[in-house]
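Asks: I'd like to go over a predicted model; first the sequence, then the structure.
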Amino acid sequence: MDDKAGKYLYCIIKTAEPLKLPPVNGEEPVHTIHAADLAAVVSDAGPGPFTLTRSTAMAHLLVIQEVMKEFAVLPFSFGTVADGREKVTELLLRYRQEFLDQLRSLEGKAEFGLKALWRDKDQPFREILAQRQDIRRYRDAIARRPPTESHQDRIELGRMVQEALQTRREVESRRILERLQPLAAGVQVNDITMEQTLLNAAFLLVKGTEPVFGQALSSLDQEYQDRLRFRLVGPSPPFNFVHLPISWQ
């Protein structure tokens, strides 16, 4: 390990004891750099830039998940590198209290990601047509006219449908969150990147409460079985519940 070499950062933990993990991808050994009662889990960084691929992202995640077996963690995003051991030590000392406060709030908890997806991507559109007579009539009226004469009306119809879809997404998401949020220590609703997704959220669960959360989700799954499917992933590093306002200056 070269003290002056760049240090690839995985996470921060509270410990004064050295920690050694298997090498990443069979290459660089993972170790800790300490400052008082904090430690950064790192490996020597090879020449950059770091390319985000499935394998490199998985290697980053696996190291943090291994550390999570014993410690609460403050995970760094993929590709975070410090310019040598001294910079890491300075970082731990400068933000010591912030790091300790966040670690304390995460002790005994883990993140679970939940996605609710329409079983059929056309399902919400069918429901809107069934319930919104105004949209249905407008669509039928446009369909009877030549495309060259109804261009602006088709644009307006698209706007009405998108607005109705967004409203439906908000209403359904609120119903789901009302059932699950009381069972979690924290909830983060994230942006939706796929049209078929109704809800994309992260839940911070106290260890031991997962069965209760799972039962509530199973109940929702039964209620929405013809319309939605749920995907729960975890336990995972608490990326959605950690804020590392760091500066290398």
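Replies: Nice, I can see it. The structure displayed is predicted, hence computed values, not measured ones.
Asks: I'd assumed Phe213 was in contact with Ala184.
Replies: Yes: if you go by CB atoms under 8 Å, Ala184 and Phe213 touch, sitting 7.1 Å apart. C-beta coordinates here come from the backbone N, C-alpha and C atoms, glycine included.
Asks: can you get me a residue count around Ala35?
Replies: When neighbours are defined as other CB atoms under 10 Å, Ala35 has 17 of them.
Asks: quick check: it touching Leu93?
Replies: Yes: counting by CB under 8 Å, Leu93 is a contact partner of Ala35 at 5.0 Å.
Asks: next SSE downstream of the longest helix belonging to the chain?
Replies: For the chain, the helix that runs over the most residues, judged by DSSP state H, is helix 151-180. Next helix or strand after helix 151-180 toward the C-terminus (DSSP states H and E): strand 186-189.
Asks: now do the contacts for Arg154.
Replies: Counting by CB atoms under 8 Å, 6 or more residues apart in numbering, Arg154 makes contact with Ile142, Pro147.
Asks: could you point out which element follows the helix or strand of the chain with the lowest mean pLDDT?
Replies: Within the chain, no helix or strand scores below strand 21-24, which has a mean of 67 by mean pLDDT, DSSP states H and E. Downstream of strand 21-24, the next assigned helix or strand under DSSP H and E is strand 28-35.
Asks: show me what that following strand is packed up against.
Replies: strand 7-14, strand 21-24, strand 38-44, helix 85-94 (3 or more CB pairs under 8 Å, 6 or more residues apart in numbering; DSSP states H and E).
Asks: pick out the shakiest of the ones you listed, pLDDT-wise.
Replies: Set side by side, the helices and strands packed on strand 28-35 differ in mean pLDDT, and strand 21-24 is lowest with a mean of 67.
Asks: so what's the gap between stretch 189-196 and the chain middle?
Replies: Per CA atoms, centre = their mean, to the nearest Å, the displacement of stretch 189-196 from the mean C-alpha position of its chain is 11 Å.
Asks: which neighbours do Ala184 and Phe213 share?
Replies: Common neighbours of Ala184 and Phe213, counting by CB under 8 Å, 6+ apart, are Phe203, Leu205.
Asks: Leu180 against Phe213, yeah?
Replies: Yes: look at Leu180 against Phe213 with CB under 8 Å: they come within range, at 6.9 Å.
Asks: what is in contact with the two at once?
Replies: Phe203.
Asks: can I get stretch 36-43 as CSV, trimmed to CA atoms?
Replies: Provided in CSV are the C-alpha atoms of stretch 36-43 (Å, rounded to 0.1, in the frame of the first residue of the first chain):
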residue,chain,number,x,y,z
ALA,A,36,-9.4,9.0,16.0
ASP,A,37,-12.5,6.8,16.2
LEU,A,38,-13.3,6.9,12.4
ALA,A,39,-12.0,4.9,9.5
ALA,A,40,-12.3,5.1,5.8
VAL,A,41,-12.5,1.8,3.9
VAL,A,42,-10.3,2.2,0.9
SER,A,43,-8.0,0.6,-1.7
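Asks: mind listing what's buried along it?
Replies: Leu38, Ala39, Ala40, Val41, Val42, Ser43 (16 or more other CB atoms under 10 Å).
Asks: show me what the second one bridges to in the sheet.
Replies: Just to be clear, that refers to Ala39. Beta bridges link Ala39 to Ile13, His34, judged by DSSP bridges.
Asks: ok, now which ones touch it?
Replies: Ile12, Ile13, Lys14, Thr15, Ala16, Leu19, Thr32, Ile33, Leu92.
Asks: let me see the contact set for the last one.
Replies: In other words, Leu92. Taking CB under 8 Å, 6+ apart, one finds Ile12, Ile33, His34, Ala35, Ala36, Leu38, Ala39, Ala40, Phe99 in contact with Leu92.
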